[in-house]
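Enquirer: Have a look at this prediction, sequence included:
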Amino acid sequence: MRENHKTISIKLINFKELKTKIKINLQLIEYISKENFKFGSKYSFIETIEGDSINIEIPTGKCVGTIELFSSKTIPFYKRYTGFNTIYFGINENRTKLDFHTDKCYPKAFYSYRMLNSLQNAIFCNDLKIDDKNYSFRFTAKDETNLNETRTIGLTYVGISTGLSEAFVYYPYAPFILISGFFGFTQNDIVINSEMLE
């Protein structure tokens, strides 16, 4: 391990058949007083995870930001499964600084229109203090999936309405077939939970 760095360990449970990507965006924060702070340098990391765990070296300091996990699996012409989970440190889902009055994290599930009306599970925690210890995070994909009717109907509508345009007079089914081949016909949300282990 490099000097002035600590390790964040991420463990995945029940992600065998899913393509999973991790994205970390952290920014150092320094408090001048309780209400006043200034931001420092940023740290970013994006990688597709092969296997069921990954270790990442993070610079030491107090940080705000996110650890995001995106998982997907597509069976062409049949189904697409997608799941999102984000751990927020010191900020909310709009990336606005929050003042936490507790050290405990709290969970929240909501539909994110930024992610095409996908179910997104999240936990919100205080600032991440990377100074004297390593951190471990565990993400668990549930076996159950939920049909996302909004995305299913939306993509079906796009495929059919595009096929009815003048550009596809001779091949009206082509856009629908391409869209369902690439994205799957039904869109399903995977429930992914996360927790911070110490």
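Expert: Nice, I can see it.
Enquirer: Correct me if wrong, but residue 150 is in a strand.
Expert: No: counting by DSSP: H, G, I helix; E, B strand; the rest coil, residue 150 falls outside a strand, being helix.
Enquirer: What pLDDT is listed against it?
Expert: At residue 150, the model reports a pLDDT of 83.
Enquirer: Where do the strands of this structure begin and end?
Expert: Assigned by DSSP state E, the chain shows strands spanning 5-13, 19-31, 37-49, 53-59, 61-75, 79-89, 106-112, 118-125, 128-130, 135-147, 186-197.
Enquirer: Going by neighbour count, list what's buried in the third one.
Expert: Going back to what we said before, that points to strand 37-49. 37, 43, 49 (16 or more other CB atoms under 10 Å). (Glycine included, C-beta is placed from N, CA and C.)
Enquirer: Could I get these in JSON lines, plus columns for pLDDT and distance to residue 187?
Expert: Below are the buried residues of strand 37-49 laid out as JSON lines (pLDDT from 0 to 100; distance: CB to CB, whole Å):
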{"residue": "37", "pLDDT": "80", "distance to residue 187": "40"}
{"residue": "43", "pLDDT": "90", "distance to residue 187": "33"}
{"residue": "49", "pLDDT": "89", "distance to residue 187": "23"}
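Enquirer: returning to that earlier point: highest mean neighbour count out of the strands of the chain?
Expert: Mean neighbours per residue, mean count of other CB atoms under 10 Å, is largest over those for strand 79-89, with a mean of 22.
Enquirer: And it, what does it pack against?
Expert: Packing partners of strand 79-89 (3 or more CB pairs under 8 Å, 6 or more residues apart in numbering; DSSP states H and E): strand 61-75, strand 118-125, strand 135-147, strand 186-197.
Enquirer: what's the closest of those to residue 158?
Expert: strand 186-197 (12.1 Å; CB to CB).
Enquirer: Partner strands of the closest one and their direction?
Expert: Applying DSSP bridges, strand 186-197 is found paired with strand 79-89 (parallel), strand 135-147 (antiparallel).
Enquirer: I'd like the distance between residue 164 and residue 35.
Expert: The spacing between residue 164 and residue 35, counted by CB to CB, to the nearest Å, is 57 Å.
Enquirer: Of the two, which one has the most company?
Expert: With neighbours defined as other CB atoms under 10 Å, residue 164 and residue 35 compare such that residue 164 has more, 11 against 7.
Enquirer: Next one: that one from residue 158, what distance?
Expert: Distance check for residue 164 against residue 158: by CB to CB, it reads 11 Å.
Enquirer: Residue 35 now?
Expert: Relative to residue 158, and taking CB to CB, residue 35 is found at 47 Å.
Enquirer: Who does residue 129 form a beta bridge with?
Expert: residue 62.
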